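Peer 1: Task: produce atomic coordinates for the following.
(chains A and B)
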Amino acid sequence: MNFALNRSHFVYPLLTLLLIIFFVTDVCYGTVYIPFSEIWQIMAGIEVSHGNKFIILDFRLPKALTALFAGAALSVSGLVMQTFFRNALAGPYVLGLSSGASLGVALLVMAGSFFGGLLQFGQWGIIIAGLLGSGFVLTMVMAASSRITDSVSLLIIGLMFGSFTSATVSLLQYFSIPELIQSYLFWTFGSLSGIGWEQLGFMIPAVLIGLLLSFSLQKNLNLLLLGENYAVSMGLNLKTTRILIVICCSLLAGVVTSFCGPVAFLGLAVPHLTRGLFRTADHRVLLPATAMLGAALLLFCDICTQVPGKDITLPINALTSLIGAPVVIAIIMKRNQRL
Amino acid sequence: MLLVTKDLTTGYSQKKEQVIIHEQLNISLPEGKMVALIGPNGSGKSTLLRTIAGLQKPLSGSVLVDGKNLFSCNNAEKSTLISLVLTDRIEAGYLSVEQVISFGRYPYTGWGGNLSPADWDRIEQAIILCHLERLAKKPFSQLSDGEKQRTMIARAIAQDTPIVVLDEPTAHLDLSYRVEILSLLKQLSRNTNKSIVVATHELDLAMHLADQLWLMPAQHQFFSNIPEELALNGNISDSFNSALVQFDEWSGTFRINRHPTKFIKLTGAGPRAVWTQKALEREGFGIDKKSETEVVLTEEAWCINNETVLTLTALISKAKEMLNEQA
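Peer 2: As a prediction, the model looks like this:
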């Protein structure tokens, strides 16, 4: 325990610095070149060029904030799921949470047209749809996990839930009008840039509540490290913990996925990177550290989406996968090595 | 603090039918003693253990800890009364031995799981009692199986409960670890005055170390007594004797039933006689005073029908030679 704390004395300030640097870089760097001095002036409220002001305040700043909160949210939800299911390969994507949120949103966007007035739902509709969809899938996966002890089987079940929801969405697309299909399709690519201030007003509080909830579960999560049987024998209330975990992960992964679309690999890879960096399994350290590392990583990926000098912006999922996939392969190889 | 069962009926419900395993058990767990729960698989050992540990509700009757009904307590209360050591595998990446033991204090910490100096005292006590001082800072995953089990036991000790329940703590362990673990548990019951219940298959060790045996030969059968009484009463023989194996009341061990066709008379005393007999019996010979073939133990050799051999191995081949000739 002392070792991890000593490490964190050193690594935490480094992470914080990195976070700030990436955040600032993300705001400053983009396809349109805007000098740093001008950005400073815009932030200070001095009116310079109307076009640039729009880019900074209404495009890059919200995008950077989205990256910050989404990165933290997805990573922490992955950590919580990995601990609860005692499965190193658990994550919001693999266990079908993202698919659940997709289904919720698809139902809202496409089926909503049947009942007309879908725009009435607005931001609240999207949040609730995402929450309910991911909450539903996570509950089903938890129910399955109480009967299945094999971790690989559990992952397969998560993937099956994912397939099922995708199939349902296809059905919806079949009966829907082209514009809605297109808008849903764009959503599935995953993007941090479609989020405006109004949406942030909903996403940030949801993520903050989810993060606080996860921090309040730190003792329960530590207990779960030894397995459910031991955890219960040391006083854990399993039912309450399960419900809180569902709420927490739905708020974190479900809401973010509803707004940004599915963003791959963060939930899976970042907890492992954090564990490796801090060399601890103690959630009192892992939870805040994962949040910070996740935020920093997504900001970094977002910076990388801007191809320097060109007008092209790469999709965010391409970058998270580029970093995430090798990490996952490394994890699997390391595990099998021990055996 | 005593654990007492009142008219306890253990079992489970399966598709609206109740399957009763043991009925109307009235047993008590004394303080500061180690009790071994012995019985073949399928006799209801696990069910009884889980019921006593508060994990599985009985079909009827009650389990009382210090007068309180165990099943009317919530998880938090139970965790201050009973601690468990199971056969579950722990995947504890990056957890140190000390950290695993510190989890035992969680029933007493706040929501954050932060440990007070008093908590650390208990943890260090547990480390010392289980002889883990050298290993405290090591990663749990690098320990041997025996050391891992000692750590889980230390965690249970740190939990500071009056009752500790262990489910086959010596499964998958080498012989030296098995003896070590059971001796440690006996020691702990004396040093800490806790009541320790161990479900185990190690009948030999249990008879040597346990203060009381709870013997479950089959469903609906239950005997509780000190090991020696159970041996003298014939309970052990009745429970375990079969066509293959018999409990020998003289030596307190199990002997394999053999059906020898050839017999040898053995003259001599002391350990050499004992081991000569064992070797001959293993090879299928019976010992009979009236046999014509005689083995006499001399100072440093064996004499079989007046032929001398210098080693036991030679004796065996000679005996086979002679008796096969006769046949």
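
Peer 1: what's the neighbour count on residue 37?
Peer 2: You didn't pick a chain, so chain A it is. Using other C-beta atoms under 10 Å in any protein chain shown, A:S37 is surrounded by 9 other residues. Where C-beta positions appear, they are placed from N, C-alpha and C, glycine not excepted.

Peer 1: wrong one, I was asking about chain B
Peer 2: 26.

Peer 1: Shouldn't it be within a strand?
Peer 2: Yes - the assignment for B:L37 by DSSP: H, G, I helix; E, B strand; the rest coil puts it in a strand.

Peer 1: contacting residues around it?
Peer 2: B:K45, B:L48, B:L49, B:V197, B:V198, B:A199, B:T200, B:L213, B:W214, B:M216 (C-beta atoms under 8 Å, 6 or more residues apart in numbering or on different chains).

Peer 1: switch to 7 Å and redo it
Peer 2: Contact analysis of B:L37 by C-beta atoms under 7 Å, 6 or more residues apart in numbering or on different chains lists B:K45, B:L48, B:L49, B:V197, B:V198, B:A199, B:W214.

Peer 1: what's around the last one, how many residues?
Peer 2: Other residues near B:W214 come to 26 when the count uses other C-beta under 10 Å.

Peer 1: three-state assignment of the closest residue to chain B within the stretch 51-200 of chain A?
Peer 2: Here the stretch 51-200 of chain A gets closest to chain B at one residue, A:R86, 6.6 Å apart by C-beta to the nearest C-beta. Three-state assignment for A:R86 (three-state DSSP): coil.

Peer 1: how much space is there between B:K138 and chain A?
Peer 2: Counting by C-beta to the nearest C-beta, to the nearest Å, the separation of B:K138 from chain A is 11 Å.

Peer 1: That residue reaches B:Y94, doesn't it?
Peer 2: No - using C-beta atoms under 7 Å, B:K138 is not in contact with B:Y94, being 11.8 Å away.

Peer 1: Please say which of these two ends up with more neighbours.
Peer 2: B:Y94 (19 against 15).

Peer 1: In three-state terms, label that one for me.
Peer 2: coil.

Peer 1: Need the pLDDT of it.
Peer 2: Listed pLDDT for B:Y94 reads 85.

Peer 1: ok, and the closest non-adjacent residue to it?
Peer 2: A:A281 (4.4 Å; C-beta to C-beta, 6 or more residues apart in numbering or on different chains).

Peer 1: Which strands and helices lie in contact with the longest strand along chain B?
Peer 2: Using DSSP state E to define each element, chain B has its longest strand at strand B:3-14. Contacts defined by 3 or more C-beta pairs under 7 Å, 6 or more residues apart in numbering or on different chains; DSSP states H and E place strand B:3-14 against strand B:17-25, strand B:28-29, helix B:45-52, strand B:60-65.

Peer 1: Distance-wise, check B:T161 relative to B:L3.
Peer 2: 11 Å (C-beta to C-beta, to the nearest Å).

Peer 1: Next one: A:R275 from B:G93, what distance?
Peer 2: A:R275 is 7 Å from B:G93, by C-beta to C-beta.

Peer 1: now swap in A:V263 and tell me
Peer 2: 26 Å.

Peer 1: hang on, the earlier thing: farthest pair in the contacts of B:L37?
Peer 2: B:L48 and B:V198 (12.7 Å; C-beta to C-beta).

Peer 1: and the two? which has more neighbours close in?
Peer 2: Comparing B:L48 with B:V198 by other C-beta under 10 Å, the one with more neighbours is B:V198, at 29 against 26.

Peer 1: which SS class is the more buried one?
Peer 2: Per three-state DSSP, B:V198 ends up strand.

Peer 1: Skip the chain neighbours and tell me the closest residue to it.
Peer 2: Nearest to B:V198 is B:L166, by C-beta to C-beta, 6+ apart, at 4.7 Å.

Peer 1: Run through the bridge partners of that neighbour.
Peer 2: B:V85, B:V198 (DSSP bridges).

Peer 1: was I right about it contacting B:K194?
Peer 2: No - using C-beta under 7 Å, B:L166 is not in contact with B:K194, being 11.4 Å away.

Peer 1: all helices for the stretch 51-200 of chain A, in order.
Peer 2: A:61-84, A:97-106, A:112-115, A:122-145, A:151-174, A:178-189, A:197-216 (DSSP state H, counting those that start in this stretch).

Peer 1: most neighbours per residue, which of these?
Peer 2: Mean neighbours per residue, mean count of other C-beta atoms under 10 Å in any protein chain shown, is largest over the helices of the stretch 51-200 of chain A for helix A:97-106, with a mean of 30.

Peer 1: and that one with helix A:122-145, angle?
Peer 2: Orientation note: helix A:97-106 sits at an angle of 140 degrees relative to helix A:122-145 (axes from the mean of the first three to the mean of the last three C-alpha atoms, to 10 degrees).

Peer 1: ok, back up a step: and the longest strand of chain B, what's its mean pLDDT?
Peer 2: 83.

Peer 1: what does stretch A:50-67 give?
Peer 2: 85.

Peer 1: tell me the contacts of A:A88?
Peer 2: A:Q82, A:I331, A:R335.

Peer 1: and with 8 Å instead?
Peer 2: Neighbours of A:A88 in contact, by C-beta under 8 Å, 6+ apart: A:Q82, A:H272, A:I331, A:R335.

Peer 1: Wait, a helix at the last one?
Peer 2: Right, the one you point to is A:R335. Yes - assigned with three-state DSSP, A:R335 falls within a helix.

Peer 1: which residues does it contact?
Peer 2: Applying C-beta under 8 Å, 6+ apart, the residues near A:R335 are A:A88.

Peer 1: which bits of chain A sit near chain B?
Peer 2: Residues of chain A found near chain B (C-beta under 8 Å from any C-beta of the partner chain) are A:1, A:3, A:86, A:216, A:218-219, A:222-223, A:225-227, A:229-230, A:232-238, A:275, A:279-282, A:284, A:338.

Peer 1: returning to what we had before: widest-spaced pair of the contacts of A:A88?
Peer 2: Going by C-beta to C-beta, the pair spanning the contacts of A:A88 furthest: A:Q82 and A:R335, at 12.6 Å.

Peer 1: if we can go back for a sec, so for A:V263 and B:G93, which residue has more residues nearby?
Peer 2: Each of A:V263 and B:G93 has its neighbours counted (other C-beta under 10 Å); A:V263 has more, 29 against 19.
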